[in-house]
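> Provided below for reference: sequence and predicted model.
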Amino acid sequence: MKKKTKRIAKKKSSAGSHDQELREHLVALLKGGQAHVHFMDAIEGFPEAKRGAFAEGLRHTGWQLLEHARIAQWDILEFCRSAKHVSPGFPEGYWPKTPVPPDETAWAKSVQGFQRDLQEMIKLVKNPKIDLCAAIPHGDSQTVLREALLLADHNAYHLGQLVDLRRALGAWPES
């Protein structure tokens with residue numbers, strides 16, 4: 001008598017579905033809001049009079065943190081997109097020259113630049129024509145995946161600083 005063998009149904013998976021899942025996870029990570037507030041939650045409603053204020057024990061003002069995050073994000077995005085991109089000098093090129101924004105327009109422009117470049121990085125990550133794991137040709141073994149993770153990590157770090165600063169200044173909604 002022939003012995004019947006049980007067939008175990010194998011879950012069909014393809015590299016394409018894993019790639020799409022990875023892209024979706026990266027987009028969610030870049031947008032934020034899963035383990036903490038969104039970056040824009042820390043920026044919106046930041047009192048104009050306190051944007052250049054220092055809090056005891058903290059090294060940076062709101063303006064410095066916002067502008068630094070914007071510059072670093074722009075640099076990472078442009079590095080991913082263009083071999084002609086030249087990064088600012090480190091560290092001085094990544095921080096604003098003054099602790100206080102020059103005016104309301106500078107703050108608004110920085111916020112808009114941050115939002116625009118974040119959306120551009122998300123578009124890059126979503127683009128199925130881009131191999132997230134391929135070395136960036138003009139880089140030094142960096143990949144778009146690595147740069148997206150670096151950006152999400154960097155933004156989350158400074159998001160925490162912004163929230164702490166606003167709390168210390170008495171300018172956080174729960175304060």
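Looks like it arrived, so ask away. Residues are numbered from 1 along each chain as shown.
> What sits closest to residue 143 if chain neighbours are left out?
Of all residues not flanking residue 143 in the chain, residue 133 sits nearest, at 5.4 Å (C-beta to C-beta, 6 or more residues apart in numbering). Using the backbone N, CA and C atoms, a C-beta is placed for each residue, glycine as well.
> Count the residues that sit near the one you found.
Residues near residue 133, counting by other C-beta atoms under 10 Å, number 11.
> Dihedrals phi and psi, it?
Dihedral angles phi and psi of residue 133 (degrees, to the nearest 10) take the values phi -100, psi 0.
> Repeat that for residue 135.
phi -60, psi 140.
> What pLDDT does the model give it?
The model reports residue 135 with a pLDDT of 97.
> how far away is it from residue 147?
Here the criterion is C-beta to C-beta, to the nearest Å. By it, residue 135 lies 11 Å from residue 147.
> ok, these two, which is more surrounded?
residue 147 (20 against 13).
> Just the buried residues of the helix or strand where the more buried one lies, please?
Element membership for residue 147, per DSSP states H and E: helix 144-168. If you call a residue buried by 16 or more other C-beta atoms under 10 Å, then helix 144-168 has these buried ones: 144-148, 151-152, 155, 158-159, 161-166, 168.
> And for stretch 129-141?
Result for stretch 129-141 [16+ other C-beta under 10 Å]: buried residues 130, 132, 136.
> Now residue 56. Nearest residue, chain neighbours left out?
Per C-beta to C-beta, 6+ apart, closest to residue 56 is residue 168, 7.0 Å.
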